[in-house]
Every structure is written in C-alpha cells, then in structure tokens.
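**Q** The sequence and its predicted three-dimensional model are supplied below.
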Amino acid sequence: MARINIQLPVLFNCRRDCSKCCEINGGYVFVNEQNIREIAKYLKRSEAEIRAHYTFEAKGMRSLRDRDGQACIFLEEGKCRIYPVRPLQCRTYPFWPQNVKSERRWQQVTDDCPGIGEGRLYDRAEIEAVFKGRAVDSEK
C-alpha cells in the first residue's frame, strides 16, 4: 500500500466549474485495453479508431493524447466527453500515491486544485480505497 504522509482527514470536492486536472501539460493519462474498449463503445467508434486517433505509445503503454499540448483530447468546454468511462487515473485524482506521499507534494496539488479544502472529508481508509480503484465522488 502506498504511503500517505499528509495531514488527515482532508476535504475534497470535485468542482463542476473546474477542469484543471484535465489541463496538466506534460503528463500522461494511461489507458489499458479495457479502457479503449469502453471508450470505443461509449463513443460508438471502433477500438482501432480510438487507438489511432486518441492515444499514443508512451513508456511502453498507451496514453490519451493531449489536444494541442494544452488539455486532454476528451476535454470539451470544461467537461469530459467520456466521463462515464474515464480512465482510473481520472477517477482517482487528486488521491494519487505520488500526491499524498509528502506534505510538500500535497501543497503543490492543493495550489492547482480548488476542490481541495472543501466538500466531504476523506480519511486514511477512504484514500486507501481510492488507491484500490474506488472513484472519488464527483458530479461532473
């Protein structure tokens, strides 16, 4: 289990008016074959089309493309076009292991994410459940 080295509990609520986590430049949103199948089905496109037009190979895996290096290719007008089938990485932000490993890193994330510090409480057990794949509550 990943280490959680931040002061707990923390407040978090994914805000409807925010898409900053989808606009992080230079990162990867990794997808697996199941994600590709789900996205293809949701968008009524072929898996080959999703692979070719919406993903690329990065570090031996597949990642979603950026749109002009500015935002996720599926972000449109501040909303996720594939929200019901978004990848695990998207469903678990901001509680990624690397984000909660130190107060310094958590403060960097807090500076970028206006939803941290408001909403419901997340304790250690809830964050550990997120590490195992449970989605963070969101209304988007």
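**A** Structure received. Numbering: from 1, shown residues only.
**Q** Paired strands for the host helix or strand of residue 63, with orientation please.
**A** Taking DSSP states H and E as the criterion, residue 63 maps to strand 61-64. If you go by DSSP bridges, strand 61-64 pairs up with strand 30-31 (antiparallel), strand 55-58 (antiparallel).
**Q** Identify, out of those, the most deeply packed stretch.
**A** Highest mean neighbour count among the strands paired with strand 61-64 (mean count of other C-beta atoms under 10 Å): strand 30-31, with a mean of 20. Backbone N, C-alpha and C define where each C-beta goes, glycine included.
**Q** what about it, average pLDDT?
**A** The average pLDDT within strand 30-31 is 95.
**Q** which residues touch it?
**A** 39, 55, 58, 61-64, 87, 89 (C-beta atoms under 8 Å, 6 or more residues apart in numbering).
**Q** Flag the shaky bits of the protein, pLDDT-wise.
**A** Counting by pLDDT under 70, the chain shows low-confidence ranges at 1, 25-26, 137-140.
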